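> Build the 3D model from these lines:
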Amino acid sequence: MANVPTNLLVNWFEQRGQLHDLRAKPHLSDSDESRLWLLLNELVAVADDIVASVAPNGLGSAPR
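Modelled structure (predicted):
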(Lines give C-alpha, C1' and ligand atoms only; values in the text may rest on other atoms or scores of the structure.)
Protein backbone atom coordinates (compact mmCIF):
# COMPACT_ATOMS: atom_id res chain seq x y z
CA MET A 1 0.00 0.00 0.00
CA ALA A 2 3.05 2.23 -0.06
CA ASN A 3 2.10 3.46 -3.54
CA VAL A 4 -1.42 4.56 -2.56
CA PRO A 5 -1.72 8.35 -2.29
CA THR A 6 -2.46 9.35 1.31
CA ASN A 7 -5.45 11.49 0.32
CA LEU A 8 -7.22 8.43 -1.10
CA LEU A 9 -6.81 6.55 2.16
CA VAL A 10 -7.96 9.57 4.16
CA ASN A 11 -11.05 9.86 1.95
CA TRP A 12 -11.75 6.14 2.32
CA PHE A 13 -11.57 6.14 6.13
CA GLU A 14 -13.56 9.38 6.53
CA GLN A 15 -16.37 8.16 4.30
CA ARG A 16 -16.31 4.67 5.80
CA GLY A 17 -16.73 6.24 9.24
CA GLN A 18 -19.72 8.26 8.05
CA LEU A 19 -21.25 5.14 6.53
CA HIS A 20 -20.68 3.20 9.75
CA ASP A 21 -22.41 5.94 11.76
CA LEU A 22 -25.43 5.88 9.45
CA ARG A 23 -25.68 2.10 9.53
CA ALA A 24 -25.63 2.16 13.34
CA LYS A 25 -28.88 4.13 13.47
CA PRO A 26 -31.92 2.01 14.35
CA HIS A 27 -34.08 3.90 11.83
CA LEU A 28 -33.03 5.81 8.73
CA SER A 29 -34.85 8.83 7.41
CA ASP A 30 -35.22 9.26 3.67
CA SER A 31 -32.31 11.71 3.68
CA ASP A 32 -30.20 9.25 5.72
CA GLU A 33 -30.93 6.52 3.21
CA SER A 34 -30.01 8.82 0.31
CA ARG A 35 -26.78 9.75 2.11
CA LEU A 36 -26.03 6.06 2.73
CA TRP A 37 -26.28 5.24 -0.99
CA LEU A 38 -24.22 8.30 -1.90
CA LEU A 39 -21.49 7.21 0.52
CA LEU A 40 -21.52 3.67 -0.86
CA ASN A 41 -21.07 4.99 -4.40
CA GLU A 42 -18.32 7.36 -3.28
CA LEU A 43 -16.52 4.56 -1.45
CA VAL A 44 -16.59 2.40 -4.57
CA ALA A 45 -15.12 5.31 -6.56
CA VAL A 46 -12.36 5.82 -3.97
CA ALA A 47 -11.66 2.07 -3.95
CA ASP A 48 -11.38 2.14 -7.75
CA ASP A 49 -8.87 5.00 -7.47
CA ILE A 50 -6.88 3.10 -4.83
CA VAL A 51 -6.73 -0.01 -7.03
CA ALA A 52 -5.78 2.10 -10.05
CA SER A 53 -2.91 3.65 -8.07
CA VAL A 54 -1.35 0.24 -7.38
CA ALA A 55 -2.30 -1.69 -10.54
CA PRO A 56 0.31 -1.74 -13.29
CA ASN A 57 -0.49 0.30 -16.39
CA GLY A 58 -3.78 1.50 -14.97
CA LEU A 59 -5.38 -1.92 -15.32
CA GLY A 60 -7.23 -1.37 -12.06
CA SER A 61 -9.26 1.61 -13.20
CA ALA A 62 -12.88 0.92 -13.95
CA PRO A 63 -15.27 2.99 -16.04
CA ARG A 64 -17.58 5.26 -14.08
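> for the worst-scoring helix or strand of the chain on mean pLDDT, packing partners?
One helix or strand of the chain scores below all others by mean pLDDT, DSSP states H and E: helix 6-23, with a mean of 88. Under the contact definition 3 or more Cβ pairs under 8 Å, 6 or more residues apart in numbering; DSSP states H and E, helix 6-23 sits against helix 30-54. To be clear about C-beta, it is placed using only N, CA and C from the backbone, and glycine gets the same treatment.
> do you know how far the most centrally placed residue in the chain is from Asn11?
Geometric centre of the chain, nearest residue: Leu43, 1.4 Å, by Cα atoms, centre = their mean. Distance of Leu43 to Asn11, given as Cβ to Cβ, to the nearest Å: 9 Å.
> quick one: the residue nearest to the centre of the chain and Trp12 touch, right?
Yes - using Cβ atoms under 8 Å, Leu43 is in contact with Trp12, at 6.8 Å.
> list the residues that contact both of the two?
Common contacts of Leu43 and Trp12 (Cβ atoms under 8 Å, 6 or more residues apart in numbering): none found.
> residue ranges with poor pLDDT in the chain?
In the predicted model of the chain, residues 1-3, 56-64 satisfy pLDDT under 70.
> Recalculate using a threshold of 50.
The chain contains residues with pLDDT under 50 at 60.
> quick one: the least confident helix or strand of the chain to helix 30-54, angle?
150 degrees (axes from the mean of the first three to the mean of the last three Cα atoms, to 10 degrees).
> Name the residues that touch helix 6-23?
1, 28, 32, 35-36, 39-40, 42-43, 46-47, 49-50, 53.
> which of the residues you listed are buried?
Listed as buried from the contacts of helix 6-23 are 36, 39, 43, 46, 49-50; burial here means 16 or more other Cβ atoms under 10 Å.
> Appreciated, that's everything.
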